[in-house]
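> no sequence on this one, just coordinates:
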Ligand SMILES: Nc1ncnc2c1ncn2[C@@H]1O[C@H](COP(=O)(O)OP(=O)(O)O)[C@@H](O)[C@H]1O
Ligand SMILES: [Mg+2]
C-alpha cells in the first residue's frame, strides 16, 4: 500500500462518543474537531473523567467510532474491518499509565514482542537492545520486570512502543506512576526521540512540570475541547 | 502463513507465561495428570471387563467352535453331545476336533479351610487345547489321578497353589502339580483350575442326588482345528446347515463377539465406566479452563497491550492453545505413568486383565489434548470479542 503522506497525522471531525445503552446511555465526547500535524508534540490535559482516555483509545483504534470521522495516518478508520484495524494499530505506539510488561519475559523479550510484529526475526534482539540502550537501559536488557524500578519498567514500555518507529505515539499519563525525577527523565527521552525521528506525540498528563516539552497544549472539559494553545518553542 | 522458522524464533510467550510461576505450574500439571489418571482408571476397568471375558476364549486352540444354542455366554452351563463333534470331524477341511469340559467347583483354601468357587477346565491331555506356559510342561503330572493345575492369577483368597499343595475340591482330595497364568473374569469368579478329562470324570462323575453328574459324552465346548487353506466362516456355515439344530457352529471370532455382545448388552457396567470416563473428561475440561482463564485474567492488561500493539485475535488464540497443548503433554506423561502403576496394582489385587496397549495410550492422549483444546477455546472467548478497550477496561 503506497500512500502519499499528508502533513496531518490525525484528523478528527465531529467526533462524539457514548457509553451504555438505552436509559443508561451517556455521552462522554461532544463534537470534537482536532487536527494533529505530523511532528508535533501535543499535551492533553483536563479534569479526571473528562474523556481523555476515551479519545485516546478511539484514536488508537482500540474502540469503535460511533459518530463522526476519524482519520489516522491518512486512513479513515470508521467502518474498517477488524483485520484492517489491527494493521492501523501497528503504526501507532501506545503507552499506558501502567507499564503492562509481561513479568515472565525479560526487558529485551518484551520489546522483541513488538519487533516480531514486523516479521523481523534476524535482528530483533539487536533492535530491542539498541532501543533499550537509547533509553538508558543497556545494562538491564536481560532483567525481568520484577528486578526493575518503576521508572525503568516504564522506560521498557516506552522502548516497546517506539522500537518499530511508529509515526504516531499515544501516551496516557505515562508518568503518573513515577516519582518526579524519573517522570521528567521519561518525558525528556520521549521528546528527544520524537524530535529526532519526526514523530507525532499525543500525551495525556496532569503533570504541570512537564508541560514545557509540548509544542501545543489542549484541554478537554466534560467531553468538549475547551482550550487549544500553541507554545512558542 | 506462519513459517516454521518464524515459529521457532518467535518469543515463546505461552511457555514463559506457564512456567514463570513454578508452584502454579506444578499445581496445574497435577490437575491435568489427575484427570488423565481418572480417565485411564475408568477406561481400564471398562476394557478389563471385556478383555477378561474373552481372554480364555481367545486362547483356545481352534478355528471353529461348537456349543449349545442356549449357551449365549460362558456362564450358561449347557452342554452338547460329543457325538456332534465327531460328526463335524468327518467333514473335509477339518483336521482335528477337541472336546472341552468346564464346570464350577468349590476349592478349599489349604490355609484358611474356606471354600471358593473356581472354574474347572478339562480336556484330553493329548489334545493341544490350551497351550499356555505351565500347562504344556505339566501334561505328564496331570495324568496322575486326583491332580490339577491352579491358576496363579486366581484371587488371593483361593490360597497358595504351589506345586505339591494338597487340598480339596468339592470335598475330594486334590494335589496341585503345577501352575499357569490366566486370571479371573465374571464366569470364573475367583480363578481357574486345569485338569485332565479323566480326572474331571473322577471328580464330577458321581455327584450327589441333587446335582447333575457329568460324563464325557456331553461336552461344554467343541473345538475344530482346520486345514490351513480352509476358510473358517465357510466351514462354519456348512456345518450349521448340516448338523442338527441342537448345536451352534461359529467361527472363533464370532464366538468371541457373541460373548462380548452378551456382556455389552446385558450389563450396565460397561456403560457406567464409560460414563465415569466421560465425566472425568468433563472435569478435566473445567479444571484446565480454570487454569487457562486464570492465566488470561492475570495478564489481562498485558494481552490488551499486545492487541493495542497490533497483535490479532488469532495470535492470542494461538498463545492460549499452545498453553493448552503444553499442559496436555506435560500433564499426560505423569498421569500415564502413575496409571500404569495403578493398573499393575489392580491386576494383582483383582486378577482382572488391566492392559495398557499402545492404541489405548494414544487414544487417551488424543482425548487429553482435545480436553485441553476445548478448555482453551472456551477460555479465550472473552479475549476475542469486541474492542480491546472494552474488553480490558483500558
Ligand atoms: N467502559 C465504560 N463504561 C461506561 N462509562 C465509562 C467507561 N469508561 C469511561 N467511562 C466514563 O466516561 C467518562 C470519561 O472517562 P475517561 O475517558 O476515562 O476520562 P479521563 O481519562 O479524562 O479521566 C467518565 O465519566 C467515565 O466514568
Ligand atoms: Mg484517563
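Nice, thanks for sending it over. Worth saying up front: this structure is predicted, and the values here are computed from it rather than measured. Ligands and ions are numbered 1, 2, ... in the order given.
> show me the domain layout of chain A.
A:1-91+A:167-233, A:95-165 (automatic domain parsing).
> out of the ones you listed, deepest packed?
domain A:95-165 (a mean of 20; mean count of other Cβ atoms under 10 Å in any protein chain shown). For glycine as for every other residue, the C-beta is placed from the backbone atoms N, C-alpha and C.
> and residue A:48, that one's in a helix?
No - residue state for residue A:48 (DSSP: H, G, I helix; E, B strand; the rest coil) corresponds to coil; a helix is not indicated.
> would you mind measuring from it to residue A:171?
From residue A:48 across to residue A:171, the span is 17 Å (Cβ to Cβ, to the nearest Å).
> same check, this time on residue A:90
Taken as Cβ to Cβ, the span from residue A:90 to residue A:171 is 17 Å.
> same deal with residue A:67?
25 Å.
> flag every residue of chain A that's near ligand 1.
Contact residues (Cβ under 6 Å from any ligand atom) of chain A with ligand 1: A:19, A:20, A:28, A:46, A:48, A:49, A:50, A:51, A:52, A:53, A:54.
> could I get these as JSON lines with pLDDT?
JSON lines is the format used below for those (pLDDT from 0 to 100):
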{"residue": "A:19", "pLDDT": "93"}
{"residue": "A:20", "pLDDT": "88"}
{"residue": "A:28", "pLDDT": "96"}
{"residue": "A:46", "pLDDT": "94"}
{"residue": "A:48", "pLDDT": "93"}
{"residue": "A:49", "pLDDT": "93"}
{"residue": "A:50", "pLDDT": "95"}
{"residue": "A:51", "pLDDT": "95"}
{"residue": "A:52", "pLDDT": "95"}
{"residue": "A:53", "pLDDT": "93"}
{"residue": "A:54", "pLDDT": "94"}
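> in the chain, which spans are helices?
This is for chain A. Here chain A has its helices, by DSSP state H, at A:52-59, A:82-90, A:107-115, A:124-134, A:150-162, A:180-197.
> actually chain B
Secondary structure of chain B by DSSP H: the helices cover B:4-9, B:13-20, B:22-59, B:82-89, B:139-142, B:197-204, B:232-242, B:252-266, B:269-298, B:300-309, B:313-350, B:358-384, B:388-392.
> can you list these in JSON lines and add mean pLDDT, mean neighbour count and distance to residue B:175?
Converted to JSON lines, the helices of chain B look like this (pLDDT from 0 to 100; neighbours: other Cβ atoms under 10 Å in any protein chain shown; distance: least, Cβ to Cβ, whole Å):
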{"stretch": "helix B:4-9", "mean pLDDT": "60", "mean neighbour count": "11", "distance to residue B:175": "69"}
{"stretch": "helix B:13-20", "mean pLDDT": "92", "mean neighbour count": "19", "distance to residue B:175": "63"}
{"stretch": "helix B:22-59", "mean pLDDT": "91", "mean neighbour count": "19", "distance to residue B:175": "24"}
{"stretch": "helix B:82-89", "mean pLDDT": "95", "mean neighbour count": "18", "distance to residue B:175": "28"}
{"stretch": "helix B:139-142", "mean pLDDT": "94", "mean neighbour count": "14", "distance to residue B:175": "9"}
{"stretch": "helix B:197-204", "mean pLDDT": "94", "mean neighbour count": "20", "distance to residue B:175": "10"}
{"stretch": "helix B:232-242", "mean pLDDT": "95", "mean neighbour count": "16", "distance to residue B:175": "38"}
{"stretch": "helix B:252-266", "mean pLDDT": "91", "mean neighbour count": "17", "distance to residue B:175": "32"}
{"stretch": "helix B:269-298", "mean pLDDT": "88", "mean neighbour count": "18", "distance to residue B:175": "37"}
{"stretch": "helix B:300-309", "mean pLDDT": "88", "mean neighbour count": "23", "distance to residue B:175": "76"}
{"stretch": "helix B:313-350", "mean pLDDT": "91", "mean neighbour count": "18", "distance to residue B:175": "26"}
{"stretch": "helix B:358-384", "mean pLDDT": "89", "mean neighbour count": "18", "distance to residue B:175": "41"}
{"stretch": "helix B:388-392", "mean pLDDT": "60", "mean neighbour count": "19", "distance to residue B:175": "80"}
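> hmm, residue A:218 is touching residue A:224, no?
No - with contact defined as Cβ atoms under 8 Å, residue A:218 does not reach residue A:224; the gap is 11.1 Å.
> could you measure from the residue nearest to residue B:310 when sequence neighbours are not counted over to residue B:132?
Closest residue to residue B:310 apart from its sequence neighbours, by Cβ to Cβ, 6 or more residues apart in numbering or on different chains: residue A:90 at 3.3 Å. Between residue A:90 and residue B:132 the distance is 71 Å, computed by Cβ to Cβ.
> now for chain A, the helix or strand with the poorest mean pLDDT.
helix A:180-197 (a mean of 83; mean pLDDT, DSSP states H and E).
> got the angle between that helix and helix A:150-162?
Inter-element angle recorded for helix A:180-197 and helix A:150-162: 20 degrees (by axes from the mean of the first three to the mean of the last three Cα atoms, to 10 degrees).
> now for helix A:180-197, which elements pack on it?
strand A:41-45, helix A:150-162, strand A:168-172, strand A:200-204 (3 or more Cβ pairs under 8 Å, 6 or more residues apart in numbering or on different chains; DSSP states H and E).
> elements contacting the last one?
Read it as strand A:200-204. Strand A:200-204 packs on strand A:8-19, strand A:26-37, strand A:41-45, helix A:52-59, strand A:168-172, helix A:180-197, going by 3+ Cβ pairs under 8 Å, 6+ apart.
> hmm, the first one in reach of chain B?
No - interface with chain B: strand A:8-19 contributes nothing (Cβ under 8 Å from any Cβ of the partner chain), its closest point being 9.8 Å away.
> and that strand, which strands flank it?
Neighbouring strands of strand A:8-19 in its sheet, by DSSP bridges, are strand A:26-37 (antiparallel), strand A:67-72 (antiparallel).
> adding distance to residue B:162, write those strands out as CSV.
Converted to CSV, the strands paired with strand A:8-19 look like this (distance: least, Cβ to Cβ, whole Å):
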stretch, distance to residue B:162
strand A:26-37, 88
strand A:67-72, 88
